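Asker: Have a look at this prediction, sequence included:
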Amino acid sequence: MLPRYAGIAAIAGFLLFSGCSDVPKAVESKVEVKKGPEIPAGPILALTAYYKMYEVARKWSPDIQPLGLSAIDAESLPGEDGKFPAWKAMFGSATKRQAVTYTYSTVEHAGVLKGVRSGSTVPWAGGGAEAQPYSNSDIKIDSDAAYKVALERADAWLKKNSDKPITEFALGDSSRFPAPVWYVIWGSPKNGFAAYVNATNGKVFGK
């Protein structure tokens with residue numbers, strides 16, 4: 001869910017003149033091209049992608065609050081050990097009374113372009129019980145650590161359902177939990193296995 005910031009930065013040029021005769025000499029020019037930030041290949045950690053998006057989103061509105069972060073199409077773009085090729089984030093702005101989505105991807109897939117891209121905005125009047133903003137300082141557990149904890153919780157189920165892929169890997173906050181949580185699900189919500197991992201201390205919720 002995210003922004004569009006592409007690659008070519010500034011082009012700086014300068015002229016070199018040779019000789020000291022009264023007769024004008026040929027002018028030699030050089031042009032230096034500064035490239036934008038290099039995009040890594042393959043799956044990346046959630047917070048690596050998140051802070052790329054956050055940096056750009058702050059230019060949209062300095063008072064942004066994170067509302068959610070998730071792997072894009074986890075089933076079609078499978079990850080490894082909690083890393084995925086593409087992530088999306090949503091931010092809310094109280095001053096603008098809007099929420100905006102950004103994406104960061106290392107691949108091009110189904111309309112998602114590489115790098116940071118911005119999406120459309122929607123009206124936003126603040127958080128609710130089921131989806132509320134949180135602070136960057138609340139997120140101390142990255143997606144690889146959350147995956148490890150969730151995998152341990154799902155171990156028994158996965159031994160019987162080893163063919164079920166991760167279909168959703170997301171971060172969010174609600175009044176149900178004392179802190180933001182990572183939500184990891186294998187299979188479908190109805191016939192799968194879900195784990196909730198505290199994004200502040202890495203502990204799993206539930207029995």
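Answerer: Arrived safely, thanks for sending.
Asker: C-alpha only now, for contacts and for neighbours.
Answerer: Fine.
Asker: what ranges do the helices span in the protein?
Answerer: For the chain, applying DSSP state H gives helices covering 46-60, 143-160.
Asker: Turn those helices into a markdown table, columns for mean pLDDT and mean neighbour count.
Answerer: Formatted as a markdown table, those follow (pLDDT from 0 to 100; neighbours: other Cα atoms under 10 Å):
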| stretch | mean pLDDT | mean neighbour count |
| --- | --- | --- |
| helix 46-60 | 96 | 19 |
| helix 143-160 | 97 | 17 |
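Asker: So which of those helices is nearest residue 39?
Answerer: helix 46-60 (10.5 Å; Cα to Cα).
Asker: what's the offset of the closest one from the middle of its chain?
Answerer: Remark: helix 46-60 is offset 7 Å from the chain centroid, using Cα atoms, centre = their mean, to the nearest Å.
Asker: who touches it?
Answerer: Here helix 46-60 makes contact (Cα atoms under 8 Å, 6 or more residues apart in numbering) with 2-3, 64, 69-71, 82-84, 87-89, 91, 102-105, 116, 142-143.
Asker: Can you give me the neighbour number for residue 203?
Answerer: Residues near residue 203, counting by other Cα atoms under 10 Å, number 15.
Asker: Enumerate every residue touching the residue lying closest to it once chain neighbours are set aside.
Answerer: In space, and not counting its chain neighbours, residue 203 is closest to residue 197: 5.7 Å by Cα to Cα, 6 or more residues apart in numbering. Applying Cα under 8 Å, 6+ apart to residue 197 gives the contacts 146, 149-150, 181-183, 203-205.
Asker: mind running it again at 10 Å?
Answerer: 141, 143, 145-150, 153, 171, 179-184, 203-206 (Cα atoms under 10 Å, 6 or more residues apart in numbering).
Asker: Can you lay out the helices of the chain as TSV showing distance to residue 191?
Answerer: Below are the helices of the chain laid out as TSV (distance: least, Cα to Cα, whole Å):
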stretch	distance to residue 191
helix 46-60	26
helix 143-160	11
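Asker: So which of these is nearest residue 135?
Answerer: helix 46-60 (11.9 Å).
Asker: pull the CA atoms of that closest one into CSV?
Answerer: In CSV, the C-alpha atoms belonging to helix 46-60 read as follows (Å, rounded to 0.1, in the frame of the first residue of the first chain):
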residue,chain,number,x,y,z
ALA,A,46,9.3,-6.0,7.5
LEU,A,47,10.9,-3.1,9.4
THR,A,48,13.5,-2.6,6.7
ALA,A,49,10.6,-2.0,4.2
TYR,A,50,8.6,-0.1,6.8
TYR,A,51,11.2,2.6,7.5
LYS,A,52,11.7,3.2,3.8
MET,A,53,8.0,3.9,3.5
TYR,A,54,7.9,5.9,6.8
GLU,A,55,10.6,8.2,5.6
VAL,A,56,8.6,9.1,2.5
ALA,A,57,5.2,9.2,4.3
ARG,A,58,6.5,11.9,6.6
LYS,A,59,6.9,14.2,3.6
TRP,A,60,3.2,13.7,3.0
